[in-house]
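**Q** Sequence first, then the predicted structure:
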Amino acid sequence: MEDLVSKLRTQVAQIIDGQCSPDGPGFAGAPFGLAELRDDLDRLAQMVAEREATRKALALEVHHRVKNNLQIITSLLDMQASRIENPAAHEALGQTRARIGALALINRVHFEQADDGSNATLDVARLISELCSQFRVWNRSRTEIVFSCNAAATLVPLDNALPLALFAVEAVTNAYAYAFPDQRGGSVRLHFSVTDDGDAVLSVTDDGIGFDSTSNDGSLGRQLMQGFARQLGGSYVIISEAGDGTEARLDYRIGMSEITA
């Protein structure tokens, strides 16, 4: 009897984990009440499995709809940008496209990881690597600029991934837009690291013309970077001098439980 009760408890635990399978032979000859309870648990497990399958199908449909909608928006922006001759307007549309591209990337990586729980996380190394691939595509005509990136393999909450990626978008697109005028050559580097104590740093540096970073610049890019830093509970700074390049740096704290090797 104790063995059968133990099996029922195991079955309940498996149902909770979504891993239950019928155990008919193990209950052959069991008292009617226990066998009936086993049958009820089997039916419950089947219902849970069916609901989970339905939920995954709905999640897949939502993912595809979001992906398709973002692709349509990006295509419309590309079409519009191709008809605009004003450099400032063209650059603004390009930055908007990059922001939407970052949203689409996070949506795809999150779905591919099949991690949709309340504690869903993303690997920053993968996110940054794929984001950098997009940067290279978006700026493929700027062959005079060498772009590089590296990131520590670190899990961050899904809610943190978006402002982190969007901060990188603003910093990198600003470097391409302003650091190398008149087709001047140079380099842009994106780097993400985490200390043993959980202090994260995302920096984008270039060796371009630089500028007076102490000036009161109320540009949209700076406002957005400030907002993304606040979302992460961190801070950002731009370090630059005329003729000496620029660094846009984001510092924020990651909980130790979120760091992986």
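**A** Done, it's in. Numbers count the residues shown, from 1 in each chain.
**Q** Which parts of the stretch 151-261 of the chain are strands?
**A** 155-157, 186-194, 199-206, 235-240, 246-253 (DSSP state E, counting those that start in this stretch).
**Q** Include distance to Ala49 when you put the ones you listed into JSON lines, please.
**A** From N, CA and C alone the C-beta is placed, and that goes for glycine too. JSON lines is the format used below for the strands of the stretch 151-261 of the chain (distance: least, Cβ to Cβ, whole Å):
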{"stretch": "strand 155-157", "distance to Ala49": "28"}
{"stretch": "strand 186-194", "distance to Ala49": "39"}
{"stretch": "strand 199-206", "distance to Ala49": "39"}
{"stretch": "strand 235-240", "distance to Ala49": "47"}
{"stretch": "strand 246-253", "distance to Ala49": "40"}
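**Q** Could you save these as CSV and add columns showing mean pLDDT?
**A** Shown next, in CSV, are those (pLDDT from 0 to 100):
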stretch, mean pLDDT
strand 155-157, 84
strand 186-194, 95
strand 199-206, 95
strand 235-240, 92
strand 246-253, 94
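**Q** Reformat these into a markdown table and put mean neighbour count next to each item.
**A** As requested, the strands of the stretch 151-261 of the chain are arranged in a markdown table below (neighbours: other Cβ atoms under 10 Å):
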| stretch | mean neighbour count |
| --- | --- |
| strand 155-157 | 18 |
| strand 186-194 | 19 |
| strand 199-206 | 21 |
| strand 235-240 | 17 |
| strand 246-253 | 20 |
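**Q** Let me see the contact set for the residue nearest to Arg97 when sequence neighbours are not counted.
**A** Distances taken as Cβ to Cβ, 6 or more residues apart in numbering put Leu77 closest to Arg97, at 4.6 Å, once the chain neighbours are dropped. With contact set as Cβ atoms under 8 Å, 6 or more residues apart in numbering, Leu77 has these partners: Leu93, Thr96, Arg97, Ile100.
**Q** so the first one touches Ile84, yeah?
**A** Yes. Using Cβ atoms under 8 Å, Leu93 makes contact with Ile84 at a distance of 6.7 Å.
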